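Visitor: Starting from these lines, generate the structure:
(one chain, ligands or ions: 1)
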Amino acid sequence: MIDIELIGEDDWQVARDARLRALRESPHAFGSTLAREESFREQHWRMRLRSSPWWVARRAGPPGSSAVGLASMIVEPGSTSDDRHVVGLWVEPDARRQGVGTALLAAVVAAARAEAARTVSLWVADDNDAAVRLYGRLGFSPTGERQPLPRSPRGAESRHELRLD
Ligand SMILES: CC(C)(COP(=O)(O)OP(=O)(O)OC[C@H]1O[C@@H](n2cnc3c(N)ncnc32)[C@H](O)[C@@H]1OP(=O)(O)O)[C@@H](O)C(=O)NCCC(=O)NCCS
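Guide: All right, here's what the predicted structure looks like:
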C-alpha cells in the first residue's frame, strides 16, 4: 500500500532526502544537478516548500519511513495562469511499476483542478521511455514544443500537456 502525502515546510528534510536521492539515481531526468542541490541550506528547502506544493509517496507502515517517490507542481514562468506544471517526478527504483508514479500524478492533477487549472503540463526528455509512456497512459500528449535538454549538449525534451476541460 502506498500513501501520497502533501508535505509542508517543516518536512523540508524529507523533501531534501528524496530529492537528493532522485538526483543521484536519475541524473539525466531533471534540469538540475546533485552538486547544485546538495549545496542548498535549510532556508532554501523551506523556501521551495513554501512556494509550491510537494507530495511524497510512502509505503504504509511505521511513521517516518523514507519516501519512495516525489513530485511537485509549479506555475511555470511564461505559461498561462490556468496551467499547472509538474516538476521533479521520481520514484525509487524498487518501487517502480507499482502505480506510484500514477498516484503522484493523480495528486498533482487533483490539485491543479482544485485551482481551476485548464491544463497540466510538463517537459520530458525524448529518450525517457518510461516517463513518456506513463504520461501518455494518463492522457498527456505532446504539444509540439521542443527544446534542448537544459544540462546536456545531446538530446531534446518535449512539452506534454493534459487538458482538464
Ligand atoms: C517515470 C517514473 C516516474 C514512473 O514511475 P512508476 O511508479 O514506475 O510508474 P507507474 O507504476 O505508475 O507506471 C504506470 C504506467 O506507465 C508505464 N511505464 C512506467 N514505467 C515504464 C517503463 N519502465 N517501461 C515501460 N512503461 C512504463 C506503464 O504503462 C505503466 O503501467 P504498467 O506497469 O501497468 O505497464 C519512474 O520510472 C522514475 O522515477 N524514473 C526516473 C525519474 C524520471 O524519469 N522522472 C520523470 C522526469 S520527466
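Visitor: Please, which helix or strand holds the closest residue to the ligand within the chain?
Guide: In the chain, the residue that lies nearest the ligand is G101 (2.6 Å; CB to the nearest ligand atom). Glycine gets a C-beta too; all of them are placed from N, C-alpha and C. Element membership for G101, per DSSP states H and E: helix 100-114.
Visitor: mind saving the C-alpha coords of that helix as CSV?
Guide: This file holds the C-alpha atoms of helix 100-114, laid out as CSV (Å, rounded to 0.1, in the frame of the first residue of the first chain):
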residue,chain,number,x,y,z
VAL,A,100,3.4,5.1,-7.5
GLY,A,101,4.1,7.5,-10.4
THR,A,102,0.5,7.3,-11.4
ALA,A,103,-0.6,8.1,-7.9
LEU,A,104,1.7,11.0,-7.5
LEU,A,105,0.5,12.5,-10.8
ALA,A,106,-3.1,11.9,-9.7
ALA,A,107,-2.4,14.1,-6.7
VAL,A,108,-0.9,16.8,-8.9
VAL,A,109,-3.8,16.7,-11.3
ALA,A,110,-6.3,16.9,-8.4
ALA,A,111,-4.5,19.9,-7.0
ALA,A,112,-4.5,21.6,-10.4
ARG,A,113,-8.2,21.0,-10.8
ALA,A,114,-8.8,22.5,-7.4
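Visitor: For it, name the packing helices and strands.
Guide: For helix 100-114, the packing partners by 3 or more CB pairs under 8 Å, 6 or more residues apart in numbering; DSSP states H and E come out as strand 2-7, strand 54-59, strand 69-74, strand 83-91, strand 119-125, helix 129-137.
Visitor: Could you count how many residues lie near the nearest residue to Q98 once chain neighbours are set aside?
Guide: Spatial nearest neighbour of Q98, chain neighbours left out: I2 (7.2 Å); criterion: CB to CB, 6 or more residues apart in numbering. Neighbourhood size, I2 [other CB atoms under 10 Å]: 17.
Visitor: secondary structure class for the residue of the chain most remote from its centre?
Guide: Distance from the C-alpha centroid of the chain, by CA atoms, centre = their mean, peaks at P62 (24.6 Å). The local conformation at P62, judged by DSSP: H, G, I helix; E, B strand; the rest coil, is coil.
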